[in-house]
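# The following block contains a protein sequence and its predicted model.
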Amino acid sequence: MVSLIDWNRGDGLWDIQIKNGSRNRQKNHITLREFHKYIEEDKMLIKEIARSGLTSKHLLQFMSNFFQGKISLTKDEFVQTYKKGISLEDIAKKHNITRNDITFLRQLYNVKATGATYQNRKQTEEPLTDRQKHILYGSMMGDAGMISPSSAKFKHGIKQKDYLLWKHKEFSNLATEQSLKGETTLDKRSGNWNETWRFYTHANSDVEECITEFYKHETKEISPLILDNLNELSMAVWYMDDGKTDWSYSKMEKTDWDITPECSLCTDWFSKKSCNLIVDWLNTRWGIKSHLRQRKVSDPNKGYRVIIDSDCAYQFLNLIKSHMLPMFAYKYDFTTYLKKRGVDQVKISYTELIRSPKGDDFQSLIPEDQDHFIHGFMKYIRKKGFRSVFGTPESHIKAMQKILDYDSGKLMHDSEIGFNSLGNRFVISHFPNFWTSKAKASMSIKETVDNDRYLYEIVRSILIDGYTPKGSRLWQKLNRYRGNKSISSFMPCVAKAIYDKYCPKKAKVLDPCSGYGGRVTGAAASDKVLSYTGCEVNINTWKGLRDLTETLREYGDITKSMPIYNQDAIQCMQQFREDAFDFIFTSPPYFDAEEYDENQSQSCWKYAHYTDWFDEFLLQGVKDMVRISKLAIVNVANTGGYKIADDLRKEVSKEGLLKEEFRLRIPQFGGKFRYEPLFVLSK
């Protein structure tokens, strides 16, 4: 028998352990290497090995047959046959080997055992059509994922429910109605309730093949084989899932509406190697040039996005648009994009407006022509409303990134902190109620815009100055018109500087009066802040804070916890234990200096007299702050007839709570400054 053995057949399989059958569990299991030793070194016969009890005679007979070539079935042949759903018994019969031998061979080749359900599914399952395969691969490039090794999961938010239903219909033979469900879940980080819709497929060999290729490692990655399975439909599905078209709308407003859009694929979760494969494939397969852009250059761990080169943008969109659903037309059609933004009637008239004469050229026009442009801008501003002043969150993403990257040390100067309004309009753009808020004895921005005479004078003044009446120019004029006092909001970069200077590392921060988002943005940008907990009594401002934190998460890649509670500041703080936080930083309302709305929850409505407000709201709040936090900073100022800062300084000094005081320097007209105190407090 030894002369018939070919030991080379054991290459690569020597140390694989093969278990004995259920009837021989008490017997030891041996490897091919041990079998080789018994035969070659110990010169034992198979009968002697069996009688010695070293292992079972069935396993010994299998090894003997294997090395003698009586079992000639290779691993590739075995795997291909087994994956077709052919049972072990049928494979054994086909190759004229015993049932025991085929069981041992499966173990030796490290092929996972499958049961009757798997075998039945293999025999009865319906293969995917080519169209289904292309949609599946495109979805896996985007939002789809694995629910099991042979089943895919599809999930989209409520705004894309129709898109999910389209996918469910495409896979109707593979996905039951029962798997189609809507879910409402609580995001513990933000406190928001999110509605999503999902479905999953039955187990299927074609789905399994796709999933296996994507999940060769722990995370989803790309391979050349995956890219070979993508066609125009696949790319369209991928773009509907994870594609973004930036039409550069703000640039178009200033030019001839001939700015090339930027098309990008959100490939953040793929490795850089996978992203480079995509770039090469787009070029070699479709002739579309692209490049990678890191989401956050300062952090090498952030992912990359595939950006289609500008001269290939329309080539890319023309390739896929016929396969995209009408609901995604805004991604390839500029007119649809304008309608989605609500500016479908503005294109022609606004092009004329932005080309209007300005400065001396405007003043040289006859009054009728001046009025033509002034009234045109007035109509545009009222049509756009809040966004004509502050813009959309999307238009301020670069400003947000500048906040995150800002060096806050530039603002700290001994006993005072400088002023920087960078990113403030980005923050305020999340609060539509800012439009109607106003300082005491002043007009809100909306009241000014709604007044024909006031808005006419403002637009005319900006045009005479040589600028277009929009954005920051319009904001400044509206805030300061006829001595108007603007509503206050804390600057995000200033807040970041305070966190960076006073917070310990990995600080848990509380802000009992979150306001218009400057401090939560500063906390998100500060490396010292581990978590930010906010409290805001005004329901509309609270909604804006939720929207702001979502923008910070989505576009700023902020992962730290930032829950915001719609609650009274005093009630909020009284629920926390002593030293629950490392740091508190807040700027409470200055009694009745500002009117946020007619909501009776505002502290000045709750406490009609200043002395009651000071004792029961401000001073009580400060005492709660030093109880629940190791350190607190409070920003207040004297305003009108109320000496809020002076009164608070006196009380906290008397209580022994004031540890330090520094000033916030705020620029004013004529190169002058005003100062507001910031009190550093602790037990």
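That came through fine. Residues are numbered from 1 along each chain as shown.
# how about the helices in the stretch 401-550 of the chain?
If DSSP state H, counting those that start in this stretch is used as the criterion, the helices of the stretch 401-550 of the chain fall at 424-428, 445-450, 452-465, 471-480, 492-502, 518-525, 539-556.
# Single out the most deeply packed of those.
Sort these by mean neighbour count, taking mean count of other Cβ atoms under 10 Å, and helix 518-525 sits at the top with a mean of 28. From N, CA and C alone the C-beta is placed, and that goes for glycine too.
# between that helix and helix 539-556, how big is the angle?
Between helix 518-525 and helix 539-556, the angle comes out at 20 degrees (axes from the mean of the first three to the mean of the last three Cα atoms, to 10 degrees).
# what angle do helix 518-525 and helix 492-502 make?
For helix 518-525 against helix 492-502, the angle between stretch directions is 60 degrees (the same axes, to 10 degrees).
# Looking at the helices of the stretch 401-550 of the chain, spot the one closest to A92.
With Cβ to Cβ as the criterion, A92 lies closest to helix 539-556 of these, at 56.4 Å.
# Can I get the closest one in CSV? Just the C-alpha atoms.
In CSV, the C-alpha atoms belonging to helix 539-556 read as follows (Å, rounded to 0.1, in the frame of the first residue of the first chain):
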residue,chain,number,x,y,z
ILE,A,539,-39.4,75.4,20.8
ASN,A,540,-38.5,77.1,17.5
THR,A,541,-34.9,77.7,18.5
TRP,A,542,-34.7,74.1,19.8
LYS,A,543,-35.8,72.9,16.3
GLY,A,544,-33.1,75.0,14.8
LEU,A,545,-30.5,73.6,17.1
ARG,A,546,-31.5,70.0,16.1
ASP,A,547,-31.1,71.0,12.4
LEU,A,548,-27.7,72.5,13.2
THR,A,549,-26.4,69.5,15.0
GLU,A,550,-27.6,67.3,12.1
THR,A,551,-25.7,69.5,9.6
LEU,A,552,-22.6,69.3,11.8
ARG,A,553,-22.8,65.5,11.8
GLU,A,554,-23.5,65.1,8.1
TYR,A,555,-21.1,67.7,6.6
GLY,A,556,-18.6,68.3,9.4
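# for that helix, packing partners?
Under the contact criterion of 3 or more Cβ pairs under 8 Å, 6 or more residues apart in numbering; DSSP states H and E, helix 539-556 touches helix 397-405, helix 518-525, strand 564-565.
# what comes into contact with the longest one?
Outside helix 397-405, the residues within contact range by Cβ atoms under 8 Å, 6 or more residues apart in numbering are 296, 298, 422-423, 425-426, 492-493, 496, 521-522, 524-525, 551-552, 555-556.
# Likewise for stretch 29-44?
With contacts defined as Cβ under 8 Å, 6+ apart, stretch 29-44 is touched by 2, 5, 7, 10, 13-20, 49, 52, 54-55, 59-60, 63, 66-67, 108.
# Ok, stretch 156-165 next?
Outside stretch 156-165, the residues that touch it by Cβ under 8 Å, 6+ apart are 143, 154-155, 180, 182, 194-199, 240, 325, 327-328.
# Give the PyMOL command for selecting the buried subset of those.
What follows is the PyMOL syntax for the buried subset of these, where burial is set by 16 or more other Cβ atoms under 10 Å:
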select buried, resi 143+154+155+196+197+198+199+240+328
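# with the contacts of stretch 156-165 in mind, which one is nearest to P677?
N194 (41.1 Å).
# that's a strand at that closest one, yeah?
Yes: when classified by DSSP: H, G, I helix; E, B strand; the rest coil, N194 is found to be part of a strand.
# what is it paired to in the beta sheet?
Beta-bridge pairing of N194 under DSSP bridges involves T185.
# which residues sit in contact with it?
157, 184-187.
# Name the nearest of those relative to I462.
Closest to I462, out of all of the contacts of N194 and judged by Cβ to Cβ, is G157, at 39.6 Å.
# next one: phi and psi at the closest one?
Summarising the backbone geometry of G157 under the convention degrees, to the nearest 10, its torsions are phi -70, psi 170.
# In terms of pLDDT, where does it sit?
Among the per-residue scores, G157 shows a pLDDT of 90.
# Helix or strand: which one has W197?
strand 192-200 (DSSP states H and E).
# that older thread, nearest approach to S472 belongs to which of the helices and strands packed on helix 539-556?
Nearest to S472, of all the helices and strands packed on helix 539-556, is helix 397-405, at 11.0 Å by Cβ to Cβ.
# so how far is T185 from R198?
With distances taken as Cβ to Cβ, to the nearest Å, R198 is found 11 Å from T185.
# repeat for R553
Separation of R553 from T185 (Cβ to Cβ) stands at 15 Å.
# Can you give the domain ranges for the chain?
2-121, 125-230, 241-341, 492-681 (automatic domain parsing).
# quick revisit: state the mean pLDDT of the strand holding W197.
Strand 192-200 shows an average pLDDT of 87 in the prediction.
# now for the helix or strand that K273 is a member of, which elements pack on it?
Element membership for K273 (DSSP H and E) is helix 272-286. With contacts defined as 3+ Cβ pairs under 8 Å, 6+ apart, helix 272-286 has these neighbours: helix 224-228, strand 290-294, strand 304-308.
# quick revisit: can you check which of the domains of the chain gets nearest to I464?
Shortest distance between I464 and those, using Cβ to Cβ, is found for domain 492-681: 18.4 Å.
# chain center to the closest one, what's the gap?
Relative to the chain's own centre, domain 492-681 is displaced by 27 Å; criterion: Cα atoms, centre = their mean, to the nearest Å.
# and Y304, what is it in contact with?
Applying Cβ under 8 Å, 6+ apart as the definition, the contact partners of Y304 turn out to be 267-268, 270, 272, 275, 292-295.
# L45: how many residues sit nearby?
Burial of L45 is recorded as 13 neighbouring residues (other Cβ atoms under 10 Å).
# How about the backbone phi and psi for it?
When quoted as degrees, to the nearest 10, the phi and psi of L45 stand at phi -90, psi 160.
# Could you do the one 10 residues further on as well?
In this entry, T55 is assigned phi and psi values of phi -170, psi -180 (degrees, to the nearest 10).
# my guess is it contacts I46, does it?
No: counting by Cβ atoms under 8 Å, T55 does not reach I46; the two are 10.4 Å apart.
# which of those two has more neighbours?
T55 (21 against 16).
# quick one: secondary structure of N110?
Counting by three-state DSSP, the backbone at N110 sits in coil.
# got the contact list for it?
Shown here is N110, whose contacts under the criterion Cβ under 8 Å, 6+ apart are I16.
# returning to what we had before: any chance of the helices and strands packed on helix 272-286 in CSV, plus mean pLDDT and distance to A637?
As requested, the helices and strands packed on helix 272-286 are exported to CSV (pLDDT from 0 to 100; distance: least, Cβ to Cβ, whole Å):
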stretch, mean pLDDT, distance to A637
helix 224-228, 94, 60
strand 290-294, 92, 42
strand 304-308, 94, 44
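# In CSV: those, plus distance to K37.
Supplementary listing: these in CSV, determined by distance: least, Cβ to Cβ, whole Å:
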stretch, distance to K37
helix 224-228, 41
strand 290-294, 54
strand 304-308, 52
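# Could you say which of those is packed most deeply?
Mean neighbour counts were taken over the helices and strands packed on helix 272-286 using mean count of other Cβ under 10 Å, and the top value, a mean of 21, falls to strand 304-308.
# by how many degrees do that one and helix 272-286 diverge?
Note on geometry: by the same axes, to 10 degrees, strand 304-308 and helix 272-286 are set 20 degrees apart in direction.
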